[in-house]
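Peer 1: Curious how this folds, go ahead:
(one chain, ligands or ions: 2)
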Amino acid sequence: MAVFTPLTDPQVVEFLSRFDAGSLVSLEGVPAGTENTTFFVTTDRRELVLTLFEQGEHEELPFFVELLDYLDEHRLPVPGPLHDRDGVALHALAGKPALLFPKLPGQHPKEPNLTQCRELGDTLGRMHVVSRHFPGHRPNPRDLHWLLPMHHKVLVYLSPQDQTLMKDEVEIYQGFFGNAPDLPQGALHGDLFRDNTLFDGDRLGGLIDFYNGCTGDLLFDLAIVINDWATDTDGRLDAARHDAILAAYQARRPLTDAERDAWPMMLRLTALRYWLSRLLVVYVDPPAHDLTPHDPEQFRTILKARLADGALPLPEVNE
Ligand SMILES: Nc1ncnc2c1ncn2[C@@H]1O[C@H](COP(=O)(O)OP(=O)(O)O)[C@@H](O)[C@H]1O
Ligand SMILES: N[C@@H](CCOP(=O)(O)O)C(=O)O
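Peer 2: Ligands and ions are numbered 1, 2, ... in the order given. Alright, predicted model coming up:
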């Protein structure tokens, strides 16, 4: 159960009174969240989601509001936050920063089919076309600049072989990305796993949970998607899902030559990024609340599979 901050009906009634969103009918805590407190709020006019921010840098919340507003204005399927009658989106509730969102339709796909993969690739491609012009700025909090200092913190918990694997990988990324290949930049989701999407059947209802959102290499976002959406249980790439996502993505935004060169390395870097962030949660900085952490091993397996197999050929782009 992940309602870290309970709310009463009168608190929510008072909160809703600032918005043109109708009157409270029901309030339901959402068990699925892992970082923030989420409620489904039904009013006599619409279905909403109320998020209370439990952790993270609260001063970064205006960036997320601007990014979601921007993507919503460009007709991407994201929950554009509701603004009150004075135009303000971000408020405090029960002492926590709070945002109200439209409730988007659908469920998280566990085993996405090829139509869903195409939808996702198409939407991410559209998003990256518009996000290149997003004026905001937030450096990627999980890129190589983060890997470099943070990987030292977990080495002591790893077997000698895994220590070597992690150290060697970070050094290789430093050599490759340190020489700064010229990769297209823009705003990223930063964590676009299946459980941060909602599908209503084969229709993409929305992309949610933008709190890893940042600006940086667009390729980083795409590699996270492929490692989560197109990987089999043994960590190896699933060619059909891989091709469906990448063909649809590239129909919107073909990869540049520099991105094609960097692709195998970016798949490895983003796999290690999650191996490391999950190890940090398990060994170094466990959450205050009692939730089962994600399994770091899954991303070690993915990294080893990318090393053994390399990347699959990128599908041809139809001009
Ligand atoms: N706009 C939305 N529309 C529909 N469901 C949502 C929306 N936002 C969040 N949810 C639901 O709430 C759950 C938790 O939200 P999320 O932002 O992922 O929280 P956390 O960051 O704590 O993991 C999601 O898994 C999803 O089921
Ligand atoms: N989706 C991630 C969790 C978010 O990553 P973090 O670096 O913000 O902790 C996962 O599956 O590990």
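Peer 1: Name the spans of this protein whose pLDDT lies under the cut-off.
Peer 2: 1, 290, 319 (pLDDT under 70).
Peer 1: For it, which segments are assigned as helices?
Peer 2: 9-16, 61-73, 114-131, 144-150, 160-178, 218-229, 239-252, 257-279, 296-309 (DSSP state H).
Peer 1: which one of the ones you listed lies closest to ligand 2?
Peer 2: Closest to ligand 2 of those, according to C-beta to the nearest ligand atom: helix 257-279, at 3.6 Å. In this view, the C-beta of every residue, glycine as well, is placed from N, C-alpha and C.
Peer 1: Can you tell me the closest non-neighbouring residue to Pro6?
Peer 2: Spatially, and ignoring its direct neighbours in sequence, Pro6 is nearest to Gly29 (7.4 Å; C-beta to C-beta, 6 or more residues apart in numbering).
Peer 1: Within range of ligand 2, give me the residues from this structure.
Peer 2: Residues of the chain found near ligand 2 (C-beta under 6 Å from any ligand atom) are 142, 191, 193, 212, 274, 277-278, 294.
Peer 1: I'd like to know which of these are buried.
Peer 2: Among the residues of the chain next to ligand 2, those scoring as buried are 142, 191, 193, 212, 274, 277-278 (criterion: 16 or more other C-beta atoms under 10 Å).
Peer 1: May I see those residues organised as TSV, with distance to Gly201 added?
Peer 2: Output for these, formatted as TSV (distance: C-beta to C-beta, whole Å):
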residue	distance to Gly201
Arg142	32
Asp191	24
Phe193	20
Asn212	27
Tyr274	29
Ser277	32
Arg278	31
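Peer 1: Excluding chain neighbours, what is closest to Gly136?
Peer 2: Closest residue to Gly136 apart from its sequence neighbours, by C-beta to C-beta, 6+ apart: Glu66 at 5.1 Å.
Peer 1: what's the burial count for that neighbour?
Peer 2: Residues lying near Glu66 (other C-beta atoms under 10 Å) number 18.
Peer 1: That one contacts Arg138, correct?
Peer 2: No: taking C-beta atoms under 8 Å as the definition, Glu66 is not a contact partner of Arg138, at 9.7 Å.
Peer 1: Return the residues of the stretch 151-300 of the chain in contact with ligand 1.
Peer 2: Counting by C-beta under 6 Å from any ligand atom, the stretch 151-300 of the chain sits next to ligand 1 at 195, 198, 208-209.
Peer 1: Quick check: the nearest residue to Val25 once chain neighbours are set aside vs Leu16, distance?
Peer 2: Residue nearest to Val25 in three dimensions, not counting chain neighbours: Thr42, with 4.5 Å by C-beta to C-beta, 6+ apart. Note on Thr42: its distance to Leu16, by C-beta to C-beta, to the nearest Å, is 11 Å.
Peer 1: So these two - more neighbours on which side?
Peer 2: The neighbour comparison of Thr42 against Leu16 (other C-beta under 10 Å) goes to Leu16, with 20 against 15.
Peer 1: Okay, and the beta partners of the residue nearest to that one when sequence neighbours are not counted?
Peer 2: Distances taken as C-beta to C-beta, 6+ apart place Leu24 nearest to Leu16, at 5.8 Å, with adjacent residues excluded. Going by DSSP bridges, Leu24 is paired in beta bridges with Thr43.
Peer 1: From here on, call the first residue 50.
Peer 2: Sure thing, new numbering starts at 50, so read that last one as Leu73.
Peer 1: Leu73 is in contact with Glu63, isn't it?
Peer 2: No: using C-beta under 8 Å, Leu73 is not in contact with Glu63; the gap is 9.8 Å.
Peer 1: Which one's more surrounded, those two?
Peer 2: The neighbour count for Leu73 versus Glu63, taken as other C-beta under 10 Å, is higher for Leu73 (19 against 12).
Peer 1: distance of the residue in the chain that ligand 1 sits nearest to from Ser180?
Peer 2: Nearest residue of the chain to ligand 1 (C-beta to the nearest ligand atom) works out as Gly82 at 2.9 Å. For Gly82, the distance to Ser180 (C-beta to C-beta) stands at 25 Å.
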